[in-house]
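In: How does the following fold in three dimensions:
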Amino acid sequence: MSFSTEHRAEETIIFSATLALSYKDTHQEEYSGQRRIRDPASFLTSQSASKHQPNNSFAKRTKKVGVVGKYGVRYGASLRKQVKKMEITQHSKYTCTFCGKDSVKRQAVGIWNCRGCKKTMAGGAWTLSTTAAATVRSTTRRLREIMEV
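Out: Numbering: from 1, shown residues only. Predicted structure coming up:
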């Protein structure tokens, strides 16, 4: 009983091996006329090599979405545009009113730190100076000038 099972297993292996060889031989004959061998140095100078390899080593960048590309297709286009404006103003550097350097960055909500003169100042949540603060400054300056005259 066991001899016949082993014999069948050997026949199956031999049959599958010959089938694979015959398949390889027939397909090799089909493609043998189209196959050509190229010199490895020709890949460096040919246009086909430059087509597959980018000419720079940088990653592909976004066209429009910019910093909000991390959100993908979620939340809708108009909300992503609003968030983009906020995040750009939040992460940009501002000019310090004390030392004049372009080195004020946001530390936390409303806390801004100058890396040039190491001063910490209060500001808006997204920008160093809010429009309301600019209005208050201009009003106090105008009132101060009226008091002096």
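In: which SSE is Gln90 in?
Out: helix 77-91 (DSSP states H and E).
In: Then Ile146?
Out: With DSSP H and E as criterion, Ile146 is part of helix 131-148.
In: Over that helix, what's the mean pLDDT, rounded is fine.
Out: Across helix 131-148, pLDDT averages out at 94.
In: In PDB, list the C-alpha atoms belonging to it.
Out: Taking C-alpha atoms only, helix 131-148 is exported to PDB below (Å, rounded to 0.1, in the frame of the first residue of the first chain):
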ATOM      1  CA  THR A 131      -6.100  92.500  13.800                       C
ATOM      2  CA  ALA A 132      -7.800  93.400  17.000                       C
ATOM      3  CA  ALA A 133      -4.400  94.100  18.700                       C
ATOM      4  CA  ALA A 134      -3.400  96.300  15.700                       C
ATOM      5  CA  THR A 135      -6.600  98.300  16.100                       C
ATOM      6  CA  VAL A 136      -6.000  98.800  19.800                       C
ATOM      7  CA  ARG A 137      -2.400  99.900  19.200                       C
ATOM      8  CA  SER A 138      -3.500 102.400  16.500                       C
ATOM      9  CA  THR A 139      -6.300 103.800  18.800                       C
ATOM     10  CA  THR A 140      -3.900 104.200  21.800                       C
ATOM     11  CA  ARG A 141      -1.300 105.900  19.600                       C
ATOM     12  CA  ARG A 142      -3.900 108.300  18.200                       C
ATOM     13  CA  LEU A 143      -5.200 109.100  21.700                       C
ATOM     14  CA  ARG A 144      -1.700 109.600  23.000                       C
ATOM     15  CA  GLU A 145      -1.000 112.100  20.200                       C
ATOM     16  CA  ILE A 146      -4.200 114.000  21.000                       C
ATOM     17  CA  MET A 147      -3.100 114.200  24.700                       C
ATOM     18  CA  GLU A 148       0.300 115.500  23.800                       C
END
